[in-house]
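J.: sequence first, then the predicted structure, then my questions.
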Amino acid sequence: MPKKKYDCLNCPGYCCSYPIIEVKDRYAKQIAKHFGLTLQEAEKKFFRKDKDHGRVMQRQDDEHFGKICTFFDTKKRQCTIYEVRPFTCRDFPGDDNCGYWDFLAFERIAQKDKKWISTTDHKDD
């Protein structure tokens, strides 16, 4: 498995701000169970229907991205359902690179700011 070139612990939750976070049945049921709800209760409380993607996460206001996943803690900047997060979240970014992380790394180099983010790719900066 290739080494990841990003660190989610230093990210403000960019992938959680995507407008569409699809939730398949298996994960919707896991989320419902996590909260002690029926699937029908969870449907009303946590999800919305999207004509192209089916069930998707509801969103909440966020000072950094405008809107973000309803399960994202906007103070701690982390997922509150990490252990039962849907496949879309588990699979992100899908390979060894994260576009947002790459952007931050580029900015760090361009601004000559060693404190902006820490990467394993640029230890000699």
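T.: Thanks, I have it. Numbering: from 1, shown residues only.

J.: for the chain, which helix or strand comes out least confident on mean pLDDT?
T.: Sorting the helices and strands of the chain by mean pLDDT, DSSP states H and E puts helix 99-111 at the bottom, at a mean of 74.

J.: what distance separates that helix from the middle of the whole chain?
T.: 18 Å (C-alpha atoms, centre = their mean, to the nearest Å).

J.: in it, what counts as buried?
T.: Y100, W101, L104, A105, R108 (16 or more other C-beta atoms under 10 Å). Using the backbone N, CA and C atoms, a C-beta is placed for each residue, glycine as well.

J.: pull the contacting residues for T88.
T.: I21, E22, V23 (C-beta atoms under 8 Å, 6 or more residues apart in numbering).

J.: pLDDT weak spots in this structure?
T.: 1-7, 10, 94-97, 113-125 (pLDDT under 70).

J.: quick one: the strands in it?
T.: 47-50, 54-57, 59-62, 66-69, 72-73, 78-79 (DSSP state E).

J.: name the strands paired with the fifth one and say parallel or antiparallel.
T.: In other words, strand 72-73. Paired strands of strand 72-73, with direction, are strand 78-79 (antiparallel) (DSSP bridges).

J.: likewise for the fourth one?
T.: According to DSSP bridges, the neighbouring strands of strand 66-69, each with its direction, are strand 59-62 (antiparallel).

J.: what about the partner strand, distance to the chain center?
T.: 13 Å.

J.: need the CA coordinates for it. CSV is fine.
T.: The C-alpha trace of strand 59-62 is given here as CSV (Å, rounded to 0.1, in the frame of the first residue of the first chain):
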residue,chain,number,x,y,z
ARG,A,59,-25.4,19.8,6.5
GLN,A,60,-24.9,22.5,9.1
ASP,A,61,-23.4,26.0,9.0
ASP,A,62,-19.7,26.3,9.2
